[in-house]
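Asks: Model the structure of this input:
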Amino acid sequence: MGILRLRHHLEPFAETIFLQDEKYPGQGVANVKSVVIDGPSLVYHIHHRLLSWSHTELGYPDIQPTCDEVSHGVMKFLLHLTMLGVKIDKICFDGALPPSKQETRLARLEKTRKRLQVFRASKLAIPVIPSTAKEPIAHRLGNLFLNQTLPPKFNLVPDNPFIVPAVYEDLRQRWSRENIHKAIRGTSSMSMTVDHLESFPWAKVTIMVPGEADAYCAYLAMKNGSSILTNDSDLLLYDIGSSGSVIFLNSISTGHTNPQTLIKAQRLCPNAIARRLGLTTLLPLAFELYSNPGIGIKELIQRSKILDQAPALVSDYTHFSREYQYQIPSKTLIDNIEHRYPQSLDTRVSELVSQHIFPETYLHEHSLSMYLVIPNEDPKRQCAWMHGREIRVIGYSVLNLSQPSDKRHEYIAEYVRRGERITADQITLESRSWVLAKIQSLLDLLHAVHVKTGLEIDCPFYWRTFALYTIWAQQTTSKAPKPGQLKHLLTSGYMGHKLDWDDVHIVAQIQCVLYSLRMLNQLLGLSHVSSGQTTRAATFLSHLPPLHILMKSAYEIKEEFTSGISAEEVVNRSMMLWDANVDGDCRAPEPQMSSNIAEFPRPEDQGSLHDPTAVKRTSRAKPSNIFELLSRQ
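Replies: Predicted coordinates for the structure are as follows:
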């Protein structure tokens, strides 16, 4: 996030540069020829740019850039750099955050929760014009390099919570030379650049680091003399050497949409700025600004010089500056990271793995932690992550069982939204016998949905149907929808004549179930628990579509059925699941959540543990586990 107003105070020292290989004739402007990219920062920058160019009459969720749109935007951004001859050294993504950042990340989760709550009460939450009026993806993507102030009414629009892992996955697995050609069809100048690309041009330079991306970006910039592309002012505080510099992504522009145009930006060189201010580094300035955010620039510089001359006299400064030192487990790790650290994981899963591999660095109070993102849900309803929890417990337990017996944990703290606060649920990590039994039950259900619907397991519709079936199996208070509503939901993303917050919430629940399956799939890939069940589960889950498909918006789901897929046939197959149930009701059998889960008590609630997954059992004569019941059918 950076130090408040640090960038503002340093902007007078910025210089204009061009991002290109050769010097632009007659301009007398410096060129930047190689860059290290802060991956998450780039993803959110593209998301912001796309949002700022959205139709002002659009409502939520149509207005929100999708995983696919953001991925296209990042691809076009990188392709433009490549076309201008800029060398991309690395694109770094966070693999874990240290325990010292817990307060910061909880504050971010709470900020996101409040933002969603305020947005829920706003008028923007209801679409003003129908989804069919949404601009084609090419319209927003054509303005990636054009600055535009975000309209005030868009300030509260929630971020898409899955865009970072979706882009990371696509850079490594989706954006091949062939797929890039298809995506930019009609852009002749870019097509020539694509012809000379490697088969997967950014797969090797896109890395998941066992720590924060900041430190690795800084290390690489110092090592290679590169510029760092980011929007995080914290990068100004690392030692990036005399040749290293920082370019803020939101300073980048071309002035028009011509793809051959040079990219102009503003560059800050921390070492040079520090010398001009009479400082050894910018850390004293940042510390004084952090401690006294209201003081003027002259007093700020004076205080910074005093601190710079005797830093040891201020204990808080020592702690502050330590945060901006390279915290890289091993120098050789970054040079061969693709061979030394798992690269096929999402950030949340990577962080859990880091807690096992580097416990002294990433374990918080000797306890495993999982910080789940705030989904785009209805904040007035129960958190959508309650669905899919048992699937996640299987994954957590599988990874735990893969550790030496003396390194295993009894619990994991899962941070989720609970009403109007963020809380940690204490989840028991289960035994091998429990895990294998639950995996078998899950396999039975996956197979039953496949057999009953006839849908291929490579089809995204199969996985949405599976998620929807498990969700309504767990409904205990609300009446399940009618067949007509289900058909409309599966084909359009909403059940009525227009999308409302009930539809938003069910889409969030579907996404949480599917993402839980994805987490399980990744954790099974790291597991040393060898059995027929784990092997079959890993094989089955390997058919999960990539995130940009799994997390499709209602608008994109509707588009699926206008591109050659027979909506009627697919939906009719899906409806066979509900047609098989008794009494003509669409409700699936009720499951029993058997994992031992409790909320960590707050100081004022000591001794009071709450089980958020408990359901009321109406009969003891029948099995209530959805996996068991459906397999019996």
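
Asks: going forward, measure contacts between C-alpha atoms and count neighbours the same way
Replies: OK.

Asks: Check the gap between the nearest residue to Ala312 once chain neighbours are set aside and Leu300 for me.
Replies: Once flanking residues are discounted, Ala312 sits nearest to Thr318: 7.0 Å by Cα to Cα, 6 or more residues apart in numbering. As judged by Cα to Cα, to the nearest Å, Thr318 and Leu300 stand 18 Å apart.

Asks: Which of the two has more residues huddled nearby?
Replies: Leu300 (20 against 13; other Cα atoms under 10 Å).

Asks: which strands and helices sit next to the one helix or strand that one maps to?
Replies: Following DSSP states H and E, the helix or strand that holds Leu300 is helix 297-309. For helix 297-309, the contact count by 3 or more Cα pairs under 8 Å, 6 or more residues apart in numbering; DSSP states H and E identifies helix 283-291 as packing neighbours.

Asks: The helix it packs on: how far from the chain's middle?
Replies: Relative to its parent chain, helix 283-291 has a centroid offset of 31 Å by Cα atoms, centre = their mean, to the nearest Å.

Asks: The residue nearest to Ala312 reaches Pro311, doesn't it?
Replies: Yes - if you go by Cα atoms under 8 Å, Thr318 and Pro311 touch, sitting 7.3 Å apart.

Asks: the strands in the stretch 51-200 of the chain, which residues?
Replies: 87-94 (DSSP state E, counting those that start in this stretch).

Asks: quick one on the thing from earlier: what strand or helix carries the residue nearest to Ala312?
Replies: Judged by DSSP H and E, Thr318 forms part of helix 315-322.

Asks: got the angle for that helix vs helix 297-309?
Replies: 90 degrees (axes from the mean of the first three to the mean of the last three Cα atoms, to 10 degrees).

Asks: So for helix 315-322, mean pLDDT?
Replies: Rounded to a whole number, the mean pLDDT of helix 315-322 is 90.

Asks: Let the chain start at 597 from now.
Replies: In the new count, where the first residue is 597, that last one comes out as helix 911-918.

Asks: Can you give me the buried ones in it?
Replies: By neighbour count on 16 or more other Cα atoms under 10 Å, the buried set for helix 911-918 is 913, 917.

Asks: so how far is the helix or strand harbouring Arg1060 off the chain centroid?
Replies: Here Arg1060 sits within helix 1056-1069, counting by DSSP H and E. Mean-position distance between helix 1056-1069 and its chain equals 22 Å (Cα atoms, centre = their mean).

Asks: Moving C-terminal from that helix, which element do we reach first?
Replies: Taking DSSP H and E, what comes next after helix 1056-1069 is helix 1079-1088.

Asks: For that next one, buried residues please.
Replies: Under 16+ other Cα under 10 Å, the buried positions of helix 1079-1088 are 1079, 1082-1088.

Asks: In these, find the pair that's most separated.
Replies: Greatest spacing in the buried residues of helix 1079-1088, by Cα to Cα: Pro1079 and Ser1088 (14.0 Å).

Asks: picking up where we left off before, state the mean pLDDT of the helix holding Arg1060.
Replies: In this model, helix 1056-1069 has a mean pLDDT of 88.

Asks: tell me the least confident of the buried residues of helix 1079-1088?
Replies: Pro1079 (69).

Asks: got a list of what the residue nearest to Tyr834 when sequence neighbours are not counted touches?
Replies: Once flanking residues are discounted, Tyr834 sits nearest to Tyr920: 5.4 Å by Cα to Cα, 6+ apart. Residues near Tyr920 by Cα atoms under 8 Å, 6 or more residues apart in numbering: 811, 833-834.

Asks: The nearest residue to Asp755 once chain neighbours are set aside: what's it in contact with?
Replies: Spatially, and ignoring its direct neighbours in sequence, Asp755 is nearest to Gln660 (7.4 Å; Cα to Cα, 6+ apart). Residues counted as contacts of Gln660 (Cα under 8 Å, 6+ apart) are 647, 753-756.

Asks: can you give me the helices in the stretch 747-896 of the chain?
Replies: 759-769, 773-779, 784-791, 809-820, 866-872, 879-887, 893-905 (DSSP state H, counting those that start in this stretch).

Asks: for those, which one sits closest to Asn972?
Replies: helix 759-769 (12.3 Å).

Asks: Now do that closest one against strand 683-690, angle only.
Replies: Using the same axes, to 10 degrees: helix 759-769 against strand 683-690 is 140 degrees.

Asks: in helix 759-769, what counts as buried?
Replies: So for helix 759-769, counting by 16+ other Cα under 10 Å, buried means 759-768.

Asks: How about stretch 770-787?
Replies: So, applying 16+ other Cα under 10 Å, buried residues of stretch 770-787: 770-773, 776-777, 780, 786-787.

Asks: For Met966, grab the count of nearby residues.
Replies: 17.

Asks: what's the answer for the one 10 residues further on, then?
Replies: Applying other Cα under 10 Å, we find 12 other residues in the vicinity of Lys976.

Asks: my guess is it contacts Arg1014, does it?
Replies: No - Lys976 lies out of contact with Arg1014 (Cα under 8 Å); the separation is 10.1 Å.
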